[in-house]
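Asks: Model the following, please.
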Amino acid sequence: MTRITKIGMLLLLVGALAVGFYLGRNTSGRAPGEDSAHAEQPDHGDSHADESSLLTVSPEAQAKFEFKLAEVQTRAAQRIIEATGSIQANQTRLAHVRPLARGRIDEVYVRLGDRVRAGQPLLRYDNVELGETLGQYVGALAAIERSNSETDVARRALERARSLVDLGAVAQAELQRREAEYRKALADTERQKAEAAQVEEKLHRFGMTDSEIRELHASPDSDYHRESSHSVLKAPFAGVVTQFSASPGESIDSEDELMIVSDLTVVWVQADLYDKDIRFVREGNTAEVRVDAYPDRVFKGKITYVGDVLDPETRTTKVRVEVPNTENMLKVEMFAMVRIPTAVMAPALMVPLEAVVKVEDHMVAFVKRENGFEKRPVELGQRVGDWVEVTEGLEEGESVVTEGAFLLKSEAKKAELGHHEGH
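Replies: Sure thing, here's the model as predicted:
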């Protein structure tokens with residue numbers, strides 16, 4: 001046999017297979033080759049199928065491509081509760097940064113979205129009340145110094161009076177007067193020290209350290225206290241600046257919230273739980289969280305709160321899931337889907353995972369028919385191992401394609417394109 005003859009026979013064989021295996025729109029639900037009289041007879045096996053979704057495949061083609069089938073069956077499945085929600089900051093690790101007193105902002109060291117370390121300076125401002133307190137403290141130190149001098153004078157006068165009384169040069173009444181003056185001077189000194197201690201405590205509350213306060217003792221007449229009146233607000237812990245409202249030169253008061261620092265290493269997922277599902281959910285239950293940004297990633301969390309009040313319109317209550325976020329993948333206000341496994345087992349209509357494929361924007365399964373396969377839209381529920389629940393679209397006992405479903409999907413697309421081009 002010549003080479004040309006062999007090539008010709010090969011082409012004939014490929015053509016025969018192409019004729020035997022074609023998928024497309026078949027308004028009669030019959031394979032090609034049947035006479036028109038026969039085609040007019042109703043096909044009861046496919047009577048309930050949507051004719052436009054029937055893909056006709058010859059028995060020879062089915063055998064060649066070795067389609068494998070599985071039966072739609074009822075299986076015991078763990079009840080999984082699903083709820084929608086969003087990612088929120090952990091409210092127990094949220095710092096509302098406010099000034100300690102009224103003043104004016106000098107410098108701002110961070111911006112919205114910056115990551116900060118614990119103790120990192122956030123902004124510097126001229127603290128008006130701190131300046132006033134520093135002036136009071138410097139005045140208290142001067143008063144103590146004057147009181148100490150007066151006490152020293154009173155002590156020396158008392159000592160002289162005692163020596164003169166012993167010589168008989170001073171009356172006993174004079175000695176008693178000098179003793180009273182000395183005791184008064186001592187009391188005044190102690191009072192001045194107490195007042196200075198109260199002012200010093202205010203300085204500590206404004207954030208001044210002992211070493212900074214000692215500088216005031218060393219040089220009370222210098223300009224040091226003027227420079228010290230500028231306070232620095234620092235990050236209470238490591239986190240992210242999630243809100244920000246501060247500009248240099250801006251006048252501020254103790255009630256003004258300048259920024260919020262959020263620790264997002266652990267985030268909250270706030271979800272809406274329907275009243276019918278409340279009895280299955282408890283604090284401490286585990287939960288799975290998925291977000292659109294990472295469709296293949298499952299974030300594990302724990303339920304820390306189940307609400308006690310229902311929304312009268314939606315008939316839902318809030319459930320909170322704490323989720324570790326050390327990789328910073330979960331962002332505040334992301335939409336999230338929460339799945340909560342329960343201890344309840346319930347029957348569910350299920351098919352193998354490979355029996356379901358995505359066509360355009362919906363999931364479909366290919367149901368075995370007498371002369372081909374019906375493309376059937378389906379609604380899915382929970383996944384259990386290698387099986388998935390079908391909540392709508394299939395009936396128990398029907399056979400669906402598992403191995404070969406993606407091939408049917410491809411051919412279904414070609415048939416759909418051909419149908420559109422024909423019109």
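Asks: Now the phi/psi pair for the closest residue to Thr133 other than its chain neighbours, please.
Replies: Leaving aside its sequence neighbours, Thr133 sits nearest to Lys202 (Cβ to Cβ, 6 or more residues apart in numbering; 5.0 Å). Any C-beta I mention is one placed from the backbone N, CA and C, and that applies to glycine too. Main-chain dihedrals, Lys202, degrees, to the nearest 10: phi -60, psi -40.
Asks: Output the longest helix belonging to the chain.
Replies: Scanning the chain for the longest helix, with DSSP state H as the assignment, gives helix 128-167.
Asks: Quick one: list the elements packing against it.
Replies: Here helix 128-167 touches strand 103-108, helix 172-205, helix 210-218, helix 224-228, going by 3 or more Cβ pairs under 8 Å, 6 or more residues apart in numbering; DSSP states H and E.
Asks: my guess is the residue nearest to Thr133 meets Gly135, correct?
Replies: No. Contact between Lys202 and Gly135 fails when scored by Cβ atoms under 8 Å: they sit 11.8 Å apart.
Asks: Asp126 versus the residue nearest to Thr133, what's the distance?
Replies: 17 Å (Cβ to Cβ, to the nearest Å).
Asks: what do you get for Asn371?
Replies: Going from Asn371 to Asp126 by Cβ to Cβ gives 87 Å.
Asks: so after the helix or strand hosting Ile87, what's the next helix or strand?
Replies: Following DSSP states H and E, one finds Ile87 within strand 73-88. Next in sequence after strand 73-88, counting helices and strands by DSSP H and E, comes strand 94-97.
Asks: and that following strand, which residues are buried?
Replies: By 16 or more other Cβ atoms under 10 Å, the buried positions in strand 94-97 come out as Leu94, Ala95, Val97.
Asks: now the strand holding Ile87: mean pLDDT?
Replies: The predicted model assigns strand 73-88 a mean pLDDT of 90.
Asks: Does anything pack onto that strand? Which helices or strands?
Replies: Against strand 73-88 (3+ Cβ pairs under 8 Å, 6+ apart) you get strand 266-274, strand 316-324, strand 335-352, strand 372-384.
Asks: farthest residue from the center of this structure?
Replies: Gly168 (89.6 Å; Cα atoms, centre = their mean).
Asks: which intervals of the stretch 301-423 of the chain have sub-threshold pLDDT?
Replies: 411-423 (pLDDT under 70).
Asks: ugh, wrong one, the stretch 101-250 of the chain
Replies: Short version for the stretch 101-250 of the chain, where the test is pLDDT under 70: 218-228.
Asks: same thing but at 50, please
Replies: Residues of the stretch 101-250 of the chain meeting the criterion pLDDT under 50: none.
Asks: Could you list the buried residues of stretch 379-397?
Replies: Those would be Leu380, Gly381, Gln382, Val384, Trp387, Val388, Glu389, Val390, Gly393, Leu394, for stretch 379-397 by 16+ other Cβ under 10 Å.
Asks: go on, stretch 399-409?
Replies: Neighbour-count burial for stretch 399-409 [16+ other Cβ under 10 Å]: Ser399, Val400, Val401, Thr402, Gly404, Ala405, Leu408, Lys409.
Asks: Show me what the first one bridges to in the sheet.
Replies: Put plainly, it is Ser399. In this structure, Ser399 bridges to Glu71 when assessed by DSSP bridges.
Asks: about what we covered before: can you name the two of the buried residues of stretch 379-397 that sit furthest apart?
Replies: Val384 and Gly393 (17.9 Å; Cβ to Cβ).
Asks: Quick check: Ala77 vs Pro341, distance?
Replies: Ala77 sits at a distance of 11 Å from Pro341 (criterion: Cβ to Cβ).
Asks: Those two: which is more packed in?
Replies: Ala77 (21 against 15; other Cβ atoms under 10 Å).
Asks: I'd say that one and Met350 touch.
Replies: Yes. At 6.9 Å, Ala77 and Met350 qualify as touching, with contact defined as Cβ under 8 Å.
Asks: just to revisit the earlier point, will you turn the buried residues of strand 94-97 into a markdown table that also has distance to Asp210 and pLDDT?
Replies: Below are the buried residues of strand 94-97 laid out as a markdown table (distance: Cβ to Cβ, whole Å; pLDDT from 0 to 100):
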| residue | distance to Asp210 | pLDDT |
| --- | --- | --- |
| Leu94 | 31 | 93 |
| Ala95 | 25 | 94 |
| Val97 | 25 | 95 |
